[in-house]
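Participant: need a structure here:
(chains A, B and C)
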Amino acid sequence: MKHFVLFIAVVFLTLFLAVLNRTDNAAPSSSLPTVRVFGYASFTGRWGPGPLLKDLFEKTCKCKVEFIEGSDSGILLQRLKIEGESLGADVVVGLDQFDLSKATAEQPWRKLSLGQLDVYDAVRPALANSYFVPYDWGALTFVARRGELVHMPGSLDDLLAPELAKKIALQDPRTSSPGMQFLYWVIRTKGEEEGFRYLQKLMSQIHSFSPTWSTAYGLFTNKQTKLVYSYVTSPLYHETEEKKKDYLALPFTEALPVQFEFVGIPDFCRHCDLAEQFVNLMLSPEGQKIIMEKNYMFPVMKGVMENTPFAPLMNVKTLQQVEILSATEVDRLLRRWTEIRRGELN
Amino acid sequence: MLRIGLVLFLIFPFLFLLTQFQVTSWPDMGELIWAFKNSFLQATLSAVFSLVLGFWVALGLLALNSPRTRRLRFVLEVLCLLPNFLPPIFILLSALSVIDPFPMGIAGIVIVHSLMNFGLAAVLLASTIETKLGGIIELAYVEGSSRWRFLRQGLLPMLKKDLWLLGLFIFVICFGSFAVPLIVGGGRGTTVEVLIYEKIRLSSQWGDAVLLAFLQSVFIFSLSFIASRGKGSLHHRPANLRLLGSYSGLMVIGVLSFVYLFGYAQGFVSGLAMISTFYELQSALVWNFLGSIVLGLSVGVLCYGGLMWIAYCWPKKWFERFLNGYVAPSTSLACFCLLILGPNEGLYPFLKIPLALTVLSLNSLFRMGWDSELHALQNQMTVAYSMGASPNQIFREVLFPQLSRRAGLLAGIASIWACGDFAVSRILAHHDLSIAMMTETLMSGYRLNQAIVLSSLIVVAGFICFVICVGGSRVLSRKFAP
Amino acid sequence: MSLVENLHRDYGDFKLSINQWEILDEGVTVLWGPSGSGKTSVFRILLGLEDCPGMKWTYQGVDLARLKTPDRHLGVVFQTLDLFPHLTAEENMMFAARARKVDAAKAQARMKELVGTLKMESFLQRPASVLSGGEKQRVAISRAIMGEPRLLLLDEPFSALDQELREESRKLVKNVIEQEKIPTLLVTHDQRDVEVMANKITTIRNGQLVEGY
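Facilitator: The predicted structure follows:
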C-alpha cells in the first residue's frame, strides 16, 4: 500500500514540479526587476507579438518581462478592477476605444509622456488621450472568398442583397469587440434611428452572431457563410501563412470603422520607468514591425509598413473621429440592439 | 459538521461574491423574463430530445451486452461520450457543415445540445436499465411480452423517476450553456448565462450578475423538487436483454457520430497540412501536455475526494435534497470569486483552477450516478449503523471499498472535462498552461484547423487522466480493503 | 421483561397504534401479522430508524427509546440480510465485533463458537457476494450476535430461503439463540416461524395488536 501511495505521490509531484519549473524559466531570476505585462492571449501567446517583444526588450533593459494573460479586453479590465494592485501589472496591453472610458473610470492611470509621435493620419485622433497610446490599429470590413459571390457588396445597403440571405457571420456586440464596432459603424454612418432601422432589415441576412471574433471567423473559413466581419488585413494572413489567395477584404463606400488597440500604465505600477520603456519599444520601428507581422494589424508609426504587403491595404477610407463612448452610452445602444435582436429567428 | 462544510464549499462563490459586491438594482424584469423563457425553453426541449435519442441509443447499446460484443460496445460508448468532452465550437462547426441549411433559433440550439448530450444520456440510461431492470426484462421476455408493450407498460413507468432526474441533469447543463445559444439561437440566443456575462463584461455590475446567478440557482433548485430518485434493486448479474436491445439504436449512434465527427475530421485533415507550424513549438507542446495532465489529474483527485466526502456524509434527507437541487454557479462567477481570493501567481493557478473545476463539476458527477450508487448501499449503511459502527468504520470498511471504483470512474470523467477546459483556466491562469488553452489561443488568431489538430491531444491527455483515475481507484480499493 | 409503551405513529394512509406491548427478556417473542399490517414499521421504530415521539421502551430499567440507534445496542437481521458483499463471511462477523469494540481475543473465541454452532467452517473465507442464500443467512445471524447485543431483532430472516433450508435454518437459529441466551424479537408473516421459534406470540393487524392469531 505504502509503495503505491508513494509511487503516485512521486509521479504527481514530479509532473507538478516540472510544469511549475517551466513557468519559473520565465519568472524573475535573482535580482533582476520584472516588468509585468498584462494582455489578452493572442498578444502574449506564442503566435502573438508578445514573446518577440519580450526578447527584444530583455536584451537592453537589464530586466525580465513576464506576461499575464486575460481572455479578452472586457475580462482584462474586470481583472484589473478586481485584483488591482495585487495583479502587479506594470503595463496593460489590448484595450480598445470602447474600453477606455470604463478603464479611466475604474482605475487611476499614469500620464504618458511620449513626445511627438510620427503617426499615420488615421491614427492622430486616437492620440487625444494622455493616459493611453495606440500601438496598432485595423480597419474593419467584410471579408469574402474570391469568386463565390456574383456581386461583391460595396456598401452597407448591398449587404441586404438576397444573395447574402443568412450568409453573413457577425459577432455579438455584447460579448465581442468587433461586434460592437459593427454596431457603432452602422449608427455613425446612418445616424441612430436610420441605423437601427437598417439593422432591423439586416437581421434576416445574418447567419449568426457569434460570441467571439474567432468563432465567427471559423464559421466563415468553414464555408458556413460567405461574408464575415473582420479586419482588412485578414486576407493577408491567409496569403502569408497558408499561401492561399482566396480571400478578399471588401472596400466599402462608407468610411470603415477603425479599431485601435491601446497600451497604458496603471498608476500602481511597480517598475514604472521600465514600463514606459516597454511602451516606447512597442512604438519603436522594431516593435511596430513585430506587432504588425504577428498581429496582422497596421502599425501606428510611419516608416514601418512601407514596402510591405500591408501598405496597399491601408488605403481605405476610415471614420475620421475616434469617439470614446461612455459606459452608459454603450449600454443604451446595446439595449436597443437587443430589442431588435429579440424575436428574430436567425 | 462535514455536511455543512461541503454545502459551504459548494455555495461559497455565491456567499463570497455577495459579501464583496452590492446588488445595485433589481434587474430589468422584461429582459430577465425573456432570458429565463429562452433558457427554459431551449433547455427543456434539449433535455427532452437528448433523452429520446439517448433512450433509443441506449437500446442499441443494450443489444451489445454479451461478452463477445463488449469491446465494440466500449468503442461505441466512447463515440457517444466524445461530443460531451470536445470544445463545443468543434461540434457546432461540424453540425453546421453536415446539416445544411441549418435551422437557426430554438431548433438549432436543440439540435446542437442533443448532439452533445445524447451519448451521455444513453450511457447512463443503459447502465440504469441493466442494473435495475435486468431481471424484469428477462421475465417479460420469457412471458412473451412484445417489445412495444413492455416499453410502454413496464420499462417507462418503472424508469419514470430516473428519466426525470436524468432529464433534469441535462436540463441543468443546457440551461447554463453559453456559446451555443448565442451562435445558433438567433433572437432567442439571450439566455440567463449571457445576461450574467454581459453584466460582468460590459457594465461591471457584479452584484447584479451574482443576483442573476442566484435566481437561476433558486429556479433550478425548485425544479428539482419534482424529480426524486427512482427506487429499484441494483443487481449486477448479467441479464438477457434481447427483448429491449435494438440494432436501430446503433444506427442512431452512427448517424449522430457522423454529424459531429465529419467536420472535425475535415478540419483535422486540413490542419495536418500545416503541421509544420507546430515544429517550433515542440517544447511548449510537451509542457502544455504535461500541464493538461496535471490539471486533469488534480481535478480527478479532488473530485474523487469530493465524492467520498459526500459518501461519508450520506445519508441525510436535507443533504440529499440540497445536492439534487444545487446548481454550480456560473463559470465566470466561480472563477472571479477565486481570483479575488488570495494571490494568483506561481503555484496558485494550479490550486485554483482544479478547485474551480471541482466546484463546477462535482454536482454533475453526483447526478451522473453517484446518488444511485449511494442509495444502493443505504441498506448496508443502516445495518452497520444499527450495529453501532461509527461513521468512520462504516466509511472505511463498507463504503470506501465498494465505492472506490465508481468514484474513480466519475473522477476520470471530471478529469477529461478538466483537460478540455479553457474557460476557467483562461481567467485564472497567467499564460497557456494546457493544450486546451493553447487550442483556444490558436483559434483566436485565425488558426482554426491547427486548433482542431491540437485538440486531438486534449483527447489523448483526457484519456491518460481517465485511465490513471480509474486504475488508481481500483488499486486504492484493493489496497484499502480491510 | 421489556415494555414498549405509546407506540403511535400516523403515516397518513396508515396508522400504528400500540399502547402497551411486552417483549420477553429470554427466548423469542414473535410479532406475527400479514403483509401490510405494520410489522416492519414497528421493527424500524424499535431500531430507532424512524421517529416515534412519546414512545417509551423500558428494558432493564433503561428507556431505550431515548437512546440513539447505535446506543440501543441491538443486533439486527433484515429480510434482505444486507451482508457487506466485498467482505468475507469472517470479515462480516468481525465488522460487528469491531463496531461494538469487543475485545479481539474475545471476539475470536465467540466467532469460533458461532462458526461451530452454525456450521460455517466451509465458507468462512469466501466473500459474502458468492455465498448461497442459506450461508448468507447464517452469516447475517452470527454477525448480529457478534456485537453482544441486548436484544436481537430479526425481520423475516428466513423468507429468502427455500423450504428445506428454512426448516434447517430455523433450528440452527433457535439453537444459537438458546445457547447465547439473547432475547429475540422475530417479526414474521410465516406461521411455521411462529410454531418453531416462538416463546411468546403477539399478533398485529392494521397497525394494532390483537389477541390470538
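Participant: use CA for all of it now, contacts and neighbours both
Facilitator: Noted.
Participant: helices along the chain, start to end?
Facilitator: If you meant another chain, say so; for now it's chain A. Using DSSP state H, the helices found in chain A span residues A:2-26, A:41-44, A:50-61, A:73-83, A:97-106, A:177-190, A:192-202, A:213-221, A:234-241, A:272-283, A:285-295, A:327-341.
Participant: nope, chain C
Facilitator: For chain C, the helices defined by DSSP H occupy C:39-47, C:89-99, C:104-117, C:133-146, C:163-180, C:191-197.
Participant: I'd like the ones you listed as CSV, with distance to A:Val263, mean pLDDT and mean neighbour count appended.
Facilitator: Formatted as CSV, the helices of chain C follow (distance: least, CA to CA, whole Å; pLDDT from 0 to 100; neighbours: other CA atoms under 10 Å in any protein chain shown):
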stretch, distance to A:Val263, mean pLDDT, mean neighbour count
helix C:39-47, 72, 90, 20
helix C:89-99, 68, 91, 24
helix C:104-117, 74, 89, 16
helix C:133-146, 75, 89, 24
helix C:163-180, 86, 82, 15
helix C:191-197, 88, 87, 16
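Participant: next, format those as TSV and append distance to chain B.
Facilitator: Listed next are the helices of chain C as TSV, based on distance: least, CA to the nearest CA, whole Å:
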stretch	distance to chain B
helix C:39-47	7
helix C:89-99	4
helix C:104-117	15
helix C:133-146	7
helix C:163-180	17
helix C:191-197	23
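Participant: so which of those comes closest to A:Gln205?
Facilitator: helix C:39-47 (68.0 Å; CA to CA).
Participant: other residues contacting the closest one?
Facilitator: B:386, C:16, C:31-33, C:50-52, C:65, C:69, C:72, C:74, C:153, C:155, C:187-188, C:204, C:207 (CA atoms under 8 Å, 6 or more residues apart in numbering or on different chains).
Participant: give the ChimeraX command for selecting the buried subset of those.
Facilitator: Buried residues among the contacts of helix C:39-47 (16 or more other CA atoms under 10 Å in any protein chain shown), as a ChimeraX selection:
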select /B:386 /C:16,31,32,33,52,65,69,72,74,153,155,187,188,204,207
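Participant: okay, and which of the contacts of helix C:39-47 map to strands?
Facilitator: Under the assignment DSSP state E, the contacts of helix C:39-47 contribute C:Leu16, C:Leu31, C:Trp32, C:Leu74, C:Leu153, C:Asp155, C:Val187, C:Thr188, C:Ile204 to strands.
Participant: please name the bridge partners of the fourth one.
Facilitator: To tie it back to what came earlier, the one meant is C:Leu74. C:Leu151 (DSSP bridges).
Participant: with the first one instead?
Facilitator: Judged by DSSP bridges, the bridge partners of C:Leu16 are C:Arg9.
Participant: which parts of stretch C:14-31 are buried?
Facilitator: For stretch C:14-31, using 16+ other CA under 10 Å, the buried residues are C:Leu16, C:Ser17, C:Ile18, C:Ile23, C:Leu24, C:Asp25, C:Glu26, C:Gly27, C:Val28, C:Thr29, C:Val30, C:Leu31.
Participant: returning to what we had before: quick one, which of the helices of chain A is nearest to chain C?
Facilitator: Nearest to chain C, of all those, is helix A:2-26, at 21.3 Å by CA to the nearest CA.
Participant: shouldn't C:Lys15 be in contact with C:Ser37?
Facilitator: No: counting by CA atoms under 8 Å, C:Lys15 does not reach C:Ser37; the two are 9.8 Å apart.
Participant: need the residues touching each of those two.
Facilitator: C:Asn206, C:Gly207.
Participant: for B:Gln22, find the nearest of the helices of chain C.
Facilitator: Short answer: helix C:39-47, nearest of the helices of chain C by CA to CA, at 49.3 Å.
Participant: gap between the closest one and the chain center?
Facilitator: 11 Å (CA atoms, centre = their mean, to the nearest Å).
Participant: care to break chain B down by domain?
Facilitator: Domains of chain B are assigned by automatic domain parsing as B:15-262, B:274-482.
Participant: which regions of the stretch 201-350 of chain B sit below the pLDDT cut-off?
Facilitator: By pLDDT under 70, the low-scoring segments of the stretch 201-350 of chain B are B:202-203, B:226-242.
Participant: near chain A, which residues of it?
Facilitator: By the rule CA under 8 Å from any CA of the partner chain, the part of the stretch 201-350 of chain B lying against chain A is B:201-204, B:274, B:287-288, B:290-291, B:294, B:336, B:339-340, B:343-344, B:346-347.
Participant: and the buried ones among the residues you listed, selectable in PyMOL?
Facilitator: A single PyMOL command selects the buried members of those (16+ other CA under 10 Å):
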select buried, chain B and resi 201+202+203+204+287+288+290+291+294+336+339+340+344
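Participant: hmm, who's touching stretch A:69-87?
Facilitator: Residues from elsewhere that reach stretch A:69-87 (CA under 8 Å, 6+ apart): A:38-41, A:44, A:94-96, A:99, A:103, A:106-107, A:268-269, B:200-202, B:204, B:336, B:339-340, B:343-344, B:426-427, B:429-431.
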